[in-house]
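Novice: got a predicted structure plus its sequence, pasted below:
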Amino acid sequence: MSQDNAASIAEFLLKLYSSAQGKSVALFPEFAIEELKRFVDFDMALFGLIRPAPAIPAGVHCSWTHIHREPTNMVEEWLTLCSEDHVLQNMKKELGRVRSYHVPTVFSKREDAKILDFALRTRHINLAAVANSYGANGLCGAFSIRRADTTWKFSDGENSLVQLLSPHIWEAIRINRTIMAGKVQGLGSEPVRGLCVSDDKGTIVFQDNSFERLRQIMFRDSSTYRLPEILAKSLLHEKKQILEDGRMLFTCKSVANLRFITATLTSSLHKLSIREKEIAKFFGTGLTHAEIADELRISGSTVRRHIEAVYKKLEIRNKSDLSFLIHTSQDRCVEHVLSALEAAVI
């Protein structure tokens, strides 16, 4: 994987999970498909949540689908034939593994005549497909992309990209369907996290704003383009590195010659009293001592004493650090990216 590809994938992940928290349930799957086309081109696509259902003729129950550039009745017809679908059977046997197929070759036997006719009518000639475990009771997230051209087969490199990105797409869809349906509120305010991608020599190919700020807090004189040497060396042999008495945690996930590195600043906001939290949030968002005193009807000296206590408890040095901590603790995008990276199928 080249540095350019690594940077593009990291940007894709951040955009995917960030958008999952803002786009409607109706629009998000199509957005994810169009973003995937930056890496792999295709004509048609299908997302489907399926589970085994031996009691019905089809053998599977499809609880949710999204189709891209397909006939509206395609899924209904496929469900009448899916018990004969060798591709679906392979997907369920090899969860998490992407396989590509030339459909006329797969369905070449006499008993495959009906499903072959269906595939030719819907122009499913070359396809890449994968199923990922989605939850309990055998629920799977099935995902396939299709090409109508008989000679336009999916390459091994394209299959690898689909295998890398499809679990993230399903995780983002799950987040989108959960959050936008109003079933969860936010995550907790701690910890603050950032994401970085570097090569095995420590050169940074991508970092988000949170990681850059955390790196500057920990290593004030470090280069913008390279990991600090002490950090790069320590992560060569350790998946986790804790620095400064546990205040900062760096974790590393290696993929080929690349490292996906997360920085976590363990927030101490929970250590503050109710009044200290109140004053810290006012101060961190730009209010002066006098304005806070007026707002809370307390003296300026009381505000000053509380802020000094906040600095000590949070182990920060100035208003800039406090403002960063307050604002980034509200950012949920990186939290979702990290959760998916930890569970990625690579």
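Specialist: Arrived safely.

Novice: how far away is Trp78 from Ile50?
Specialist: 11 Å (Cβ to Cβ, to the nearest Å). Where C-beta positions appear, they are placed from N, C-alpha and C, glycine not excepted.

Novice: ugh, wrong one, Thr262
Specialist: Using Cβ to Cβ, we find Thr262 at a distance of 33 Å from Ile50.

Novice: so between these two, which is more surrounded?
Specialist: Higher neighbour count among Thr262 and Ile50: Ile50, with 25 against 22, using other Cβ atoms under 10 Å.

Novice: tell me where the stretch 51-200 of the chain has strands.
Specialist: In the stretch 51-200 of the chain, the strands defined using DSSP state E, counting those that start in this stretch lie at 59-68, 99-102, 126-133, 140-147, 192-199.

Novice: export these to TSV and tack on mean pLDDT?
Specialist: Shown next, in TSV, are the strands of the stretch 51-200 of the chain (pLDDT from 0 to 100):
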stretch	mean pLDDT
strand 59-68	81
strand 99-102	95
strand 126-133	90
strand 140-147	92
strand 192-199	74
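
Novice: for Ala10, which non-adjacent residue is closest in space?
Specialist: Once flanking residues are discounted, Ala10 sits nearest to Phe206: 4.1 Å by Cβ to Cβ, 6 or more residues apart in numbering.

Novice: give me the pLDDT for the one you found.
Specialist: Among the per-residue scores, Phe206 holds a pLDDT of 74.

Novice: I'd say it and Cys196 touch.
Specialist: Yes: the pair Phe206 and Cys196 qualifies as a contact (Cβ atoms under 8 Å) at a distance of 6.8 Å.

Novice: which one of these two has more residues nearby?
Specialist: Higher neighbour count among Phe206 and Cys196: Cys196, with 23 against 20, using other Cβ under 10 Å.

Novice: and the gap between that one and Ser234?
Specialist: Noted for Cys196: a distance of 15 Å to Ser234, by Cβ to Cβ.

Novice: check Lys277 too.
Specialist: To Ser234, Lys277 is 34 Å away according to Cβ to Cβ.

Novice: just Thr65 next, same as before
Specialist: With distances taken as Cβ to Cβ, Thr65 is found 47 Å from Ser234.

Novice: quick one: the residue nearest to Ala10 is in a strand?
Specialist: Yes: per DSSP: H, G, I helix; E, B strand; the rest coil, Phe206 lies within a strand segment.

Novice: give the contact list for it.
Specialist: Neighbouring residues of Phe206 by Cβ atoms under 8 Å, 6 or more residues apart in numbering: 6-7, 10-11, 195-197.

Novice: related to what we said a few turns ago, would CSV of the strands of the stretch 51-200 of the chain with distance to Gln163 be doable?
Specialist: Converted to CSV, these look like this (distance: least, Cβ to Cβ, whole Å):
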stretch, distance to Gln163
strand 59-68, 19
strand 99-102, 10
strand 126-133, 6
strand 140-147, 10
strand 192-199, 18
